[in-house]
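Participant: give the three-dimensional model of this entry:
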Amino acid sequence: MLRVLAVDDEKPALGELLYLLRSDPRVRSADGATDATEALRRISRALDAGPDGEGGVDVVFLDIHMAGLTGLDMARLLSEFTRPPLIVFVTAHEGFAVQAFDLKAVDYVLKPVRRERLAEAVRRVCDLTISARGARQSPAAAGGAAEGAGAGSGRPAAHRTGPVSGPLVTGSTAPGSAPEQIPVELGGVTRFVPIDEITYVEAQGDYARLHTPEGSHLVRIPLSTLEERWASRGFVRIHRSHLVALGRIDELRLDGGATSVRVGTAELAVSRRHARQLRDLLMRRAPG
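Facilitator: As a prediction, this is how the structure comes out:
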C-alpha cells in the first residue's frame, strides 16, 4: 500500500485531495504539506529513516503553482536525491505537461480533480511500485525484464521514463492480426495504445497529446509527423493544433463564419483553410 505526501499551498484544494486519496484502499497513509520547503524536509527525514522507516513517502502528489519553490522546482531537487519518491503533478494548468514528463512524472492530473482520474494515477503509481519491489527481490530477473525498474533502487530506471520518442507503430494491419499500436512511455512503463482508440491528437510543441475515451498520453512526436503517417487511417488535420479521427467526429457545427466539431465531450475549432475539405470528407462518408 502507498504512503503519500500531497503538496499544495491552497488549503481547500489540499484538503480535497487528501480526502480523495485517503478514501482509496490502495493508499495506506496520506499526509499534506502546504509548501515545497516543508515537503522536502519531510522527505529528507523519511529517506534518513530508511525505506521502511516512520514517515516514509512512496509518491508525492504535487501542485505546480505555489509560493516560493514551485512544484517543478521541487521535482528538480528531488531528482538529485539518491532514492526519490515518485511524482504525480496535480495542477489547474495544462501548459506544463512537457516539463513535467521531462522530470519523470508518473502522471499529470488536471484540477478540478475527478475521483476516477485520481484513481487512475494511483493505479499507475501502484504498478510502478510493485515493479520496483519485484526488481529488488529478484535482481537477475530484473536485468532481463524490459528495463522496467532499477534493481535495488526503489524506483523505476531514470533513463526509461518520460514521453516516448521511438517507433510510431507496432503490430500489423493484416486480417485477423492485432490492431496497430503506438508505444506510450510513462514513469518507466511502456504501454501500447491501439491507434483505433485515439479520437484526436493535440499539438504541444514538438510533442503530441493523444486523446482516447479513457484519457490522454503525451508522446515526443510532432503533429505533422502523425498527420503524414496516419492519413491512411482516417486522421485529418482540422487546425494547426489538432488532428482528428474522421470516424470519431460526432457533430459538425457551423456558427456564423466559425466551424467546429464535437469529438466525444471535446469541441474543437476547425480553421478556415481546413473547413471545406473537412465538410467534403464528412459528406462522402455520410450514408446515401
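Participant: nearest residue to the residue nearest the centre of the chain in space, please, no chain neighbours.
Facilitator: Here the mean C-alpha position of the chain is nearest to the C-alpha of residue 107 (C-alpha atoms, centre = their mean), at a distance of 4.4 Å. Sequence neighbours aside, residue 121 is the residue nearest to residue 107 in space, at 4.2 Å (criterion: C-beta to C-beta, 6 or more residues apart in numbering). All C-beta spots, glycine's among them, are computed from the backbone N, C-alpha and C.
Participant: quick revisit: what's the pLDDT at the residue nearest to the centre of the chain?
Facilitator: Residue 107 is assigned a predicted lDDT (pLDDT) of 90.
Participant: okay, now the unreliable bits of the stretch 51-200 of the chain?
Facilitator: Judged against pLDDT under 70, the low-scoring parts of the stretch 51-200 of the chain cover residues 131-179, 185-190.
Participant: show me which residues of the host helix or strand of residue 43 are buried.
Facilitator: When elements are assigned from DSSP states H and E, residue 43 belongs to helix 36-48. Neighbour counts using 16 or more other C-beta atoms under 10 Å place 36, 39-40, 42-43, 46-47 of helix 36-48 among the buried residues.
Participant: out of these, who's nearest residue 73?
Facilitator: The closest of the buried residues of helix 36-48 to residue 73 turns out to be residue 36 (C-beta to C-beta; 6.6 Å).
Participant: correct me, but the closest one touches residue 64?
Facilitator: No. Because the distance of 10.5 Å does not satisfy C-beta atoms under 8 Å, residue 36 is recorded as not touching residue 64.
Participant: just give me how far stretch 214-223 sits from the chain centre.
Facilitator: With C-alpha atoms, centre = their mean, to the nearest Å as the basis, stretch 214-223 stands 8 Å off its chain's centre.
Participant: brain fart, stretch 213-222
Facilitator: Using C-alpha atoms, centre = their mean, the distance between the centre of stretch 213-222 and that of its chain works out at 7 Å.
Participant: try stretch 231-244
Facilitator: Distance, stretch centre to chain centre, for stretch 231-244: 21 Å (C-alpha atoms, centre = their mean).
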